[in-house]
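K.L.:
Need a 3D model of the following:
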Amino acid sequence: MADLEFRRDLYQQTARDYDRFRLAYPQALTEDLARRCGADGSGRLLDLACGTGQLTFALHHRFAQVWAVDQEPDMIAVVRDKAGAAGIGNIRGQVSSAEDLAAPAEWFDLIAIGSAFHRLPRDTVAARIAAWLRPGGFLALVWADGPTAGHAPWQEALSAATRRWQARAGTGDRVPPGYDQDRAARPDQAILGHSGFEFAGREQVRVNHEWTPDSLIGYLYATSVLSRAALGDLATEFDADIRRVLHACDAAGRYRQSLSFAYELFRAGGPAR
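P.N.:
Residues are numbered from 1 along each chain as shown. Coordinates of the predicted model:
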């Protein structure tokens, strides 16, 4: 089956919202990942489809070189600004899609993808990752719950509101036809296995978090289907409507959630070195 293709403009104009409102991966999770991969400060990391560098900045101190790669120039501009402001010299920000990236063979010790593998051309990218990793190197698929992952009254109301706004804004074309069927028929682990990867473990960390109306709306603006660019002239009305929905659930504006952060780890073929 051919790779499904997502639009390449999904995250245009989201970088500032993405960096401000996407939650950081817990240190316990990223340090566990680094330990399992044997990251001791001497290897190379590729943060692929990196966004504004949530994994880049969490892991950079465990590697000698870090490539932070995203196809959205605004995302990479934020990565470079943050690295420069912090005086971090081992981060290389690069604008490229995952499938078009030019990287040396057997170059990286760890390739990490945060909440993005599902919207990449998975077969193509899995094969390219297998070539970029040194023998015995690792691929980590890392992800986090979003605010609607749960059944609290406010989450149910927010889910209904976001579905209504996606329909009104006409953002259905941002998910390719057949996406759900493809994911069910060809799970990530099967695709990676076809490219020679072996499953090497999973870790999950739960964190209690309290959202506010501002942070929830900011998070929605940082998604591919309800970004400011996707909403266009509807953004102001969207903001007001979401606030009304949330206020009806809790007038105090406090929305508590137990969030799951996790990764699945895969080892590339060949002996470790």
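K.L.:
Regarding the chain, what is its longest helix?
P.N.:
As assigned by DSSP state H, the longest helix anywhere in the chain is helix 153-169.
K.L.:
In that helix, which residues are buried?
P.N.:
Residues 154-155, 157-159, 161-162, 165-166, 169 are the ones in helix 153-169 that count as buried (16 or more other C-beta atoms under 10 Å). To be clear about C-beta, it is placed using only N, CA and C from the backbone, and glycine gets the same treatment.
K.L.:
Can you show me the helices along this structure?
P.N.:
15-21, 27-36, 54-59, 73-86, 122-132, 153-169, 179-185, 188-194, 213-221, 228-231, 235-249.
K.L.:
The second one: which residues count as buried?
P.N.:
This means helix 27-36. 29-30, 32-34, 36.
K.L.:
List of residues touching it?
P.N.:
55, 58-59, 62, 110, 112, 138, 140, 142, 200-201, 203-205, 261-263, 265 (C-beta atoms under 8 Å, 6 or more residues apart in numbering).
K.L.:
in the sheet, who's paired with residue 263?
P.N.:
residue 142, residue 203 (DSSP bridges).
K.L.:
any idea how far it lies from residue 257?
P.N.:
The spacing between residue 263 and residue 257, counted by C-beta to C-beta, to the nearest Å, is 20 Å.
K.L.:
who's more crowded, these two?
P.N.:
The residue with more neighbours, out of residue 263 and residue 257, is residue 263; 25 against 19, by other C-beta atoms under 10 Å.
K.L.:
Next, count neighbours for residue 63.
P.N.:
Neighbours of residue 63 (other C-beta under 10 Å): 25.
K.L.:
Leaving out chain neighbours, which residue sits closest to it?
P.N.:
Excluding its sequence neighbours, the residue lying closest to residue 63 (C-beta to C-beta, 6 or more residues apart in numbering) is residue 45, at 4.3 Å.
K.L.:
and the residue minimising distance to the centre of the chain, what does it touch?
P.N.:
The centre of the chain sits closest to residue 115, judged by C-alpha atoms, centre = their mean, with a distance of 2.8 Å. By C-beta under 8 Å, 6+ apart, the contact set of residue 115 is 142-144.
K.L.:
can you check residue 9 too?
P.N.:
Applying C-beta under 8 Å, 6+ apart, the residues contacting residue 9 are residue 229.
K.L.:
any idea how far residue 229 is from it?
P.N.:
Noted for residue 9: a distance of 8 Å to residue 229, by C-beta to C-beta.
K.L.:
Over to residue 215?
P.N.:
20 Å.
K.L.:
likewise residue 162?
P.N.:
Relative to residue 229, residue 162 is positioned 16 Å away (C-beta to C-beta).
K.L.:
same question, residue 49
P.N.:
18 Å.
K.L.:
Burial check on the nearest residue to residue 88 once chain neighbours are set aside, number of neighbours?
P.N.:
In space, residue 88 comes closest to residue 60 once its chain neighbours are excluded; the distance is 6.0 Å by C-beta to C-beta, 6+ apart. By the measure other C-beta under 10 Å, the count of residues near residue 60 is 21.
K.L.:
Quick check: pLDDT value at residue 60.
P.N.:
pLDDT, residue 60: 98.
K.L.:
Touching, it and residue 89? I think so.
P.N.:
No - judged on C-beta atoms under 8 Å, residue 60 makes no contact with residue 89 at a distance of 9.7 Å.
K.L.:
Now do the buried residues in the lowest-mean-pLDDT helix or strand in the chain.
P.N.:
Using mean pLDDT, DSSP states H and E, helix 179-185 stands out as the lowest-scoring helix or strand of the chain, at a mean of 91. By 16+ other C-beta under 10 Å, the buried positions in helix 179-185 come out as residue 182.
K.L.:
where does it sit relative to the chain's centre, distance-wise?
P.N.:
Relative to its parent chain, helix 179-185 has a centroid offset of 19 Å by C-alpha atoms, centre = their mean, to the nearest Å.
K.L.:
May I have that helix exported as PDB, CA atoms only?
P.N.:
Only the C-alpha atoms of helix 179-185 are listed here, as PDB (Å, rounded to 0.1, in the frame of the first residue of the first chain):
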ATOM      1  CA  TYR A 179      -6.100   7.400   7.300                       C
ATOM      2  CA  ASP A 180      -7.800   5.600  10.100                       C
ATOM      3  CA  GLN A 181      -8.100   2.400   8.000                       C
ATOM      4  CA  ASP A 182      -4.400   2.600   7.100                       C
ATOM      5  CA  ARG A 183      -3.300   3.000  10.700                       C
ATOM      6  CA  ALA A 184      -5.500   0.000  11.800                       C
ATOM      7  CA  ALA A 185      -4.300  -2.200   9.000                       C
END
